[in-house]
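S.K.: starting from these lines, generate the structure:
(2 chains)
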Amino acid sequence: MTVTVRLFAVYAEKFGKSQIDLEMVGDATVADVVSALSGYDGASSLPPSPLAAVNCVYATPLTRVNDGDEVALIPPVAGG
Amino acid sequence: MNRAAIVTGPLDVNRLTRETTLDSCGAIAVFLGIVRAANDGRAVTGIEYSSYDAMAQREMTTILDEATERFGIEAGVIEHRIGELAVGDASIAVVVAHAHRGHAMDALRYVIDETKKRAPVWKLEHYVDGTREWVNAGSHA
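M.R.: So this is what the prediction gives:
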């Protein structure tokens, strides 16, 4: 299955891109998606369990991901 | 009615207060966030705001709906501006309407505090010395 990883702010800057499409095996979780990024430049900028969202809803490392999902890694927010 | 949006142009408070004016509401409370000239002792020239637009709009709408549930506001609007803002520009406007002022002001505080904690929006501050820095980037919880 394919999931789309969205990167923002400092993460996008460190990775040098704002989106990565990943091929994952079934029954993958958010934590698996984060692990799958380990080979990319910029991955060292991520904490062990970065805040994440699946399809625009905050998720946990154990949240399951499905084919076509959008997994966003959320750097510490600073709105307002 | 509640509405939240990420916008790229200047915020128009008068339009937002008109949008939340209801015959049943005797109070409209307004918060404006303004880019200030210094942060943590460093002179700031401006801030570049970015967001995860779809999620930010969804999260801010949820926060307004929570304010309806908790405080009974009858209308609420959040507009968060992104892009390059200068010192003195308004970056966010929150407007809530309630029958009475106490609940309006309590709701306003709740909405802006939760928005700052939860909305996926980021600031890249630019400083007078030519450097720039992501705000909160080192504060992984």
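S.K.: report the central residue of the chain.
M.R.: No chain was given, so I picked chain A. Using Cα atoms, centre = their mean, the residue of chain A that lies closest to the mean C-alpha position is A:Leu73, 4.1 Å off.
S.K.: that's the other chain; I wanted chain B
M.R.: For chain B, by Cα atoms, centre = their mean, the most central residue is B:Ile92; offset 3.4 Å.
S.K.: looking at it, that residue is touching B:Val77, isn't it?
M.R.: No: under the criterion of Cβ atoms under 8 Å, B:Ile92 makes no contact with B:Val77, lying 11.0 Å away. In this view, the C-beta of every residue, glycine as well, is placed from N, C-alpha and C.
S.K.: gap between B:Thr8 and chain A?
M.R.: 15 Å (Cβ to the nearest Cβ, to the nearest Å).
S.K.: residue 1: neighbour count?
M.R.: No chain was given, so I picked chain A. 14 (other Cβ atoms under 10 Å in any protein chain shown).
S.K.: oops, I was thinking of chain B
M.R.: 12.
S.K.: same question, the one 4 residues further on
M.R.: For B:Ala5, the number of neighbouring residues by other Cβ under 10 Å comes to 14.
S.K.: so for stretch B:25-43, what gets flagged as buried?
M.R.: For stretch B:25-43, the neighbour count (16 or more other Cβ atoms under 10 Å in any protein chain shown) marks B:25, B:27-29, B:31, B:33, B:35 as buried.
S.K.: helices of chain B, start to end?
M.R.: B:13-19, B:53-71, B:101-118 (DSSP state H).
S.K.: low pLDDT regions in chain B?
M.R.: B:140-141 (pLDDT under 70).
S.K.: tell me which residue in it sits closest to chain A.
M.R.: B:Val121 (3.1 Å; Cβ to the nearest Cβ).
S.K.: excluding covalently adjacent residues, which one is nearest to that residue?
M.R.: Among residues not flanking B:Val121 along the chain, A:Gly79 sits closest, at 3.1 Å (Cβ to Cβ, 6 or more residues apart in numbering or on different chains).
S.K.: same check, this time on B:Thr45
M.R.: Once flanking residues are discounted, B:Thr45 sits nearest to B:His126: 4.9 Å by Cβ to Cβ, 6+ apart.
S.K.: no more questions from me, cheers.
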